[in-house]
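> this one's structure only:
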């Protein structure tokens, strides 16, 4: 079961409904990241909130996949989704808005690529590698989980590569007078990205030396060795489940209030 306190502090969108979009283009960013840009369709009804805004992505597997989806996703609608036959049921995954360009009505979504050569890549990453302009998808906005108190102007971010798109969104959305630090673990040096960061925020890129190491372990070591700020801070940590759980425990033990920490296990490593 995913460990998180996201629902307790999440800021939900004013209105969330199923939006059908189209692939505009895809771009290989680095060895382990693919960017898919979405637009068209209902993109004009998407309300961009910034920070770590995330959404449910529905990838069709047949011509009638998206037509069978509910317009909203409550418990009853999700049960109906699960009742759709596997030959028609769209793939459902959660992703973050990497960037949104209001002027051209485009949304960037970054996918982490694992297992390209051994057949272990997940269905969403496989789709990201092969999608073409014009391919349809559907999204359901779920809001943001980075929600510090207004008087807290210091942020600590800790994530593995699965949390890099959300962390990038947070850094780009922070007020320019914000202070803080971001510990971002990536599989290879080539996966570093140019990020929009306030002058008072430092980024530590942590590259795994062992390609077979479990993601998040290096970021955890860096986070536990880091001296915490003398001023109140908001902590945000996501990634492979063990990472955010351990980082949150470390911060709380050091005296950080639980209500000023957002942690979420995006995925779970299975040996």
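Sure, I can see it. Everything quoted here is computed from the prediction, not taken from an experiment.
> Going along the chain, name the helices of the stretch 101-250 of the chain.
123-130, 164-173, 217-225, 242-253 (DSSP state H, counting those that start in this stretch).
> right, and the helix or strand after the longest one?
Tracing the chain C-terminally past helix 242-253 and defining elements by DSSP states H and E, one meets strand 261-267 next.
> Walking through the stretch 101-250 of the chain, point out its strands one by one.
For the stretch 101-250 of the chain, the strands defined by DSSP state E, counting those that start in this stretch cover 106-112, 136-143, 154-159, 179-186, 200-207, 234-240.
> Can I get these in a markdown table including mean pLDDT and distance to residue 220?
Where C-beta positions appear, they are placed from N, C-alpha and C, glycine not excepted. Shown next, in a markdown table, are the strands of the stretch 101-250 of the chain (pLDDT from 0 to 100; distance: least, C-beta to C-beta, whole Å):
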| stretch | mean pLDDT | distance to residue 220 |
| --- | --- | --- |
| strand 106-112 | 98 | 18 |
| strand 136-143 | 96 | 26 |
| strand 154-159 | 98 | 8 |
| strand 179-186 | 98 | 9 |
| strand 200-207 | 98 | 10 |
| strand 234-240 | 97 | 9 |
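> Go through those strands and name the closest to residue 61.
Residue 61 sits nearest to strand 136-143 of all the strands of the stretch 101-250 of the chain, at 11.5 Å, using C-beta to C-beta.
> From the contact counts, what lies against that closest one?
For strand 136-143, the elements it packs on are strand 19-30, strand 54-59, judged by 3 or more C-beta pairs under 8 Å, 6 or more residues apart in numbering; DSSP states H and E.
> Off-centre distance for the longest one?
By that I understand strand 19-30. Averaging C-alpha positions (C-alpha atoms, centre = their mean, to the nearest Å) puts strand 19-30 16 Å from its chain's average.
> quick check: mean pLDDT across the helix or strand just after that strand?
Going down the chain from strand 19-30, the next helix or strand is strand 33-39, by DSSP H and E. If you average the pLDDT over strand 33-39, you get 98.
> What angle do strand 136-143 and strand 33-39 make with each other?
100 degrees (axes from the mean of the first three to the mean of the last three C-alpha atoms, to 10 degrees).
> shaky segments in the stretch 51-200 of the chain?
The stretch 51-200 of the chain contains residues with pLDDT under 70 at 115-121.
> try 90 this time
Applying pLDDT under 90 to the stretch 51-200 of the chain flags residues 67-78, 80-81, 114-122.
> Okay, and the beta partners of residue 261?
Bridge pairing for residue 261 (DSSP bridges) gives the partners residue 235.
> and it, how many neighbours does it have?
21 (other C-beta atoms under 10 Å).
> show me the contacts for it.
5, 234, 235, 236, 237, 248, 251, 252 (C-beta atoms under 8 Å, 6 or more residues apart in numbering).
> Could I have the buried ones of those as PyMOL selection syntax?
Remark: buried members of these, expressed as a PyMOL selection using 16 or more other C-beta atoms under 10 Å:
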select buried, resi 5+234+235+236+237+248+251
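> Could you single out the nearest of the contacts of residue 261 to residue 148?
Closest to residue 148, out of all of the contacts of residue 261 and judged by C-beta to C-beta, is residue 234, at 3.4 Å.
> one step back: closest one to residue 18 among the strands of the stretch 101-250 of the chain?
strand 136-143 (5.4 Å).
> so the closest one versus strand 54-59, what angle?
Using the same axes, to 10 degrees: strand 136-143 against strand 54-59 is 160 degrees.
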